[in-house]
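[1] sequence and predicted structure, then a few things I'm wondering about:
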Amino acid sequence: MGASPQPSGKLLATERGRDLVLARTFDAGIEQVWAELTEPERTARWFGPWSGSGEPGGTISVRMAFEQGEPEIEMVVDECERPRRLALHSEDEHGSWHLEVELSEVGGTTLQLTHHLDEKAEPGMVGPGWEYYLDMFVAAHAGQALPSFDDYFPSQQAYYVGLVPE
């Protein structure tokens, strides 16, 4: 049995509130990572497939394939600058989700996910989920077995509850 995944996210203070920031680095070119981040048949392997308009201002419907009941969520594409930046938002009964993903290529490709937290968002509930999904992305990219959410929550919850905005 392998070691438990270690949390790596940071909480940053911003003018608007708090940002939860996580990153992963891939031994691959930026175009390949962008394709795995944005093409529905590839996102299906680690997050869920989507349909709709992926253009800025468009709405996509994402089937959360790894969540109980595989719920569909709608997200609005705020920005899409291939192959470097994707910004999306969604609002539902659980609050607002404002997400940005930035890719940079130096050696490999680094993916940085920023979740702009609203006042109701609890880092202890949100952080472990993003660690899980980013590790799902890493595993799908590498053709490895997908991790189990049970290895992330609740074990990483205390780390995120204890984060103080930098």
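    Arrived safely, thanks for sending.
[2] any idea which residue sits dead centre in the protein?
    The C-alpha lying nearest the average C-alpha coordinate of the chain belongs to W130 (C-alpha atoms, centre = their mean; 5.1 Å).
[3] tell me the contacts of that one?
    For W130, the contact set (C-beta atoms under 8 Å, 6 or more residues apart in numbering) comprises G9, L20, L22, L113, H115. All C-beta spots, glycine's among them, are computed from the backbone N, C-alpha and C.
[4] how about those residues in a markdown table, adding neighbour count and secondary structure?
    Formatted as a markdown table, the contacts of W130 follow (neighbours: other C-beta atoms under 10 Å; DSSP: H, G, I helix; E, B strand; the rest coil):
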| residue | neighbour count | secondary structure |
| --- | --- | --- |
| G9 | 22 | coil |
| L20 | 22 | strand |
| L22 | 18 | strand |
| L113 | 20 | strand |
| H115 | 21 | strand |
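[5] output these in a markdown table, with pLDDT appended to each entry.
    Shown next, in a markdown table, are the contacts of W130 (pLDDT from 0 to 100):
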| residue | pLDDT |
| --- | --- |
| G9 | 98 |
| L20 | 98 |
| L22 | 98 |
| L113 | 98 |
| H115 | 97 |
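[6] touching, R24 and M136? I think so.
    No. Taking C-beta atoms under 8 Å as the definition, R24 is not a contact partner of M136, at 10.5 Å.
[7] hmm, V77 and E55 touching each other?
    Yes. If you go by C-beta under 8 Å, E55 and V77 touch, sitting 6.4 Å apart.
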